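Enquirer: What follows is a predicted structure for the sequence shown.
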Amino acid sequence: MILLMTIGVVIASLFFRKTEQISPENKELSALAQGQDAFERRSWQRAEHYLKLAINEQSDEARYYLASLWNQSDEHRTQHSTDEYLDLLKPLLAQEDLRAGREMGIHLIQQAENRTHSKDYDKAEILNHAQFYLEPVAQSGDAFAEYLLGWTYLNLEVPQLDLARQWLTKASETLADGRPAYYLALSYLNEIDNFDSESFMSALEKACDKNFSPAQDHLGRFLFYPNPWIKTDLEKSREYFEKASKAGDLSSMYHLGLWYISNELDDAQGLEWLKIAAKFGHGEAAYYLGRRAEQAYDGSYARIVEYYESAGRLGCALGYNRLGLLYLEGGYGLPIDIDISRSYFERAAEQGCAAAENNLGLCYFYGIFPSDRTDQEAKTWFEKAKAHGDLNAAHNLMIMETMSLT
């Protein structure tokens, strides 16, 4: 199953409503008109106030705008349950208003991603419900609904690739946004054993031509890192990384930094890109900077700890794991502190870091971390690490079995 980026951003960037621009100072306007005007100006609090007044005046149109507001506003998106959306849109759905179906589909897709207010449903159920509402909208020729419907088919536990590609292709031919073409390209990564590199590249280049920065980053990586399918092209990869970086893509900033460093062209410029990526939230960039700080150790461990702490906070568990090792060994002037070491390993393990899980197992196995159940603790952590693909943990479990400790 491929990893897909969040769809939330696409709601704000693709979903526009065209209504007459009305001056908010005109006190003779209806509640609906004032709500529509505030909606167009993305003044969400004001829009919600007037739209609710209009609903009280029996305006079904206001129901549509309020549902759209809930979907587009970050503040409102996580506040309302599926039942609340259904209650709001019920009159429109009864009239088979396609706009209401689209809003329900958007809401359900966001629920599938966030799992907010969806404890009674699994992701597959939510996506199936989204398809129910989106299908007639897409069939009507709504390009945005075509994109969303294709996205749902691609994100099922067992992706329905033919249907996903059918709808994503249609959407990519109409929408100016590059997302449909990007997800169309990603669909081919589900068949990596029979990879259609030509179709993958065609769709990805189409998304890049529409200036979709994640597509530019993705293509840059395929052209930069050797792989069996796409011939490397260092200059083109740099061009794509630079385009995406200028658009604010953190992944491209990180890879552009590595590009300069690995090609031994401009180490200083490479580090500068990595610092920018780390500053704005890229955990792997912070981790790499921590490793470089170790190499440039000048007698102070403050910068090393700062980078690894930052990496861990940003979701790169290797930062916490590295700090666990440093406090365990007393590296780079850090004091040996078993409690701090264990705390960092545990924080990394909470993020699913197999190396940290294996390190916890080793520390319990050798009695470094005190426990009344050292063997059982060691086995538990080795098993977790093995489940996450750590071969060292699998080997350690075999040793424990040989010693009859399991």
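Expert: Received it, and whenever you're ready, just let me know what you need.
Enquirer: Now do I106: how many residues are near it, please.
Expert: 28 (other CB atoms under 10 Å). Backbone N, C-alpha and C define where each C-beta goes, glycine included.
Enquirer: ugh, wrong one, I meant D375
Expert: For D375, using other CB under 10 Å, the count is 15.
Enquirer: quick one: average confidence on stretch 235-250?
Expert: For stretch 235-250, mean pLDDT rounds to 97.
Enquirer: buried ones in that stretch?
Expert: By neighbour count with 16 or more other CB atoms under 10 Å, stretch 235-250 contains the buried residues S237, R238, E239, Y240, F241, E242, K243, A244, S245, D249, L250.
Enquirer: Could you export those as JSON lines, including distance to H395?
Expert: Shown next, in JSON lines, are these (distance: CB to CB, whole Å):
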{"residue": "S237", "distance to H395": "37"}
{"residue": "R238", "distance to H395": "40"}
{"residue": "E239", "distance to H395": "44"}
{"residue": "Y240", "distance to H395": "40"}
{"residue": "F241", "distance to H395": "38"}
{"residue": "E242", "distance to H395": "43"}
{"residue": "K243", "distance to H395": "44"}
{"residue": "A244", "distance to H395": "40"}
{"residue": "S245", "distance to H395": "41"}
{"residue": "D249", "distance to H395": "39"}
{"residue": "L250", "distance to H395": "36"}
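Enquirer: my read: A285 touches G257, true?
Expert: Yes: contact criterion CB atoms under 8 Å: A285 and G257 qualify, at 6.8 Å.
Enquirer: Find the residues that touch each one of these two.
Expert: Common contact partners of A285 and G257 (CB atoms under 8 Å, 6 or more residues apart in numbering): L274, A277.
Enquirer: Show me which of these two is the more surrounded one.
Expert: With neighbours defined as other CB under 10 Å, A285 and G257 compare such that A285 has more, 30 against 27.
Enquirer: Show residues contacting stretch 276-290.
Expert: Under CB under 8 Å, 6+ apart, the answer for stretch 276-290 is 248, 250-251, 253-254, 257-258, 271, 274-275, 304, 307-308, 310-316, 318-319, 322.
Enquirer: Using PyMOL, define a selection of the buried residues within these.
Expert: Only the buried entries of those go into this PyMOL selection, using 16+ other CB under 10 Å:
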select buried, resi 250+251+253+254+257+258+271+274+275+304+307+308+310+311+312+314+316+318+319+322
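Enquirer: Just give me the neighbour total for the closest residue to G315 other than its chain neighbours.
Expert: With CB to CB, 6 or more residues apart in numbering as the criterion, G315 has its nearest non-adjacent residue at 4.8 Å, and that residue is G283. When neighbours are counted by other CB under 10 Å, G283 registers 22.
Enquirer: what's the answer for A203, then?
Expert: A203 sits with 26 neighbouring residues when counted by other CB under 10 Å.
Enquirer: Next, the contact list for it, please.
Expert: S172, A181, Y182, L184, A185, Y188.
Enquirer: The second one sits in which helix or strand?
Expert: If I follow you right, that is A181. Using DSSP states H and E, A181 sits in helix 179-187.
Enquirer: Which is the succeeding secondary structure element to that helix?
Expert: Reading on from helix 179-187 to the C-terminus, the next helix or strand found by DSSP H and E is helix 197-209.
Enquirer: Flag every buried residue along that next one.
Expert: When burial is assessed from 16+ other CB under 10 Å, helix 197-209 yields the following buried residues: F200, M201, A203, L204, E205, K206, A207, C208.
Enquirer: Save these as a markdown table, and put in pLDDT and distance to L53 too.
Expert: Below are the buried residues of helix 197-209 laid out as a markdown table (pLDDT from 0 to 100; distance: CB to CB, whole Å):
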| residue | pLDDT | distance to L53 |
| --- | --- | --- |
| F200 | 97 | 51 |
| M201 | 97 | 53 |
| A203 | 98 | 46 |
| L204 | 98 | 47 |
| E205 | 97 | 49 |
| K206 | 98 | 45 |
| A207 | 98 | 42 |
| C208 | 98 | 46 |
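Enquirer: For Q166, state which of those residues is nearest.
Expert: A203 (13.3 Å; CB to CB).
Enquirer: ok, for the closest one, nearest residue in space, not its chain neighbours?
Expert: Nearest residue to A203, sequence neighbours excluded (CB to CB, 6+ apart): A185, at 3.8 Å.
Enquirer: ok, now how distant is the one you found from D37?
Expert: Look at A185 and D37: by CB to CB, to the nearest Å, they are 39 Å apart.
Enquirer: One more: W151?
Expert: 31 Å.
Enquirer: What of A67?
Expert: As judged by CB to CB, A67 and D37 stand 18 Å apart.
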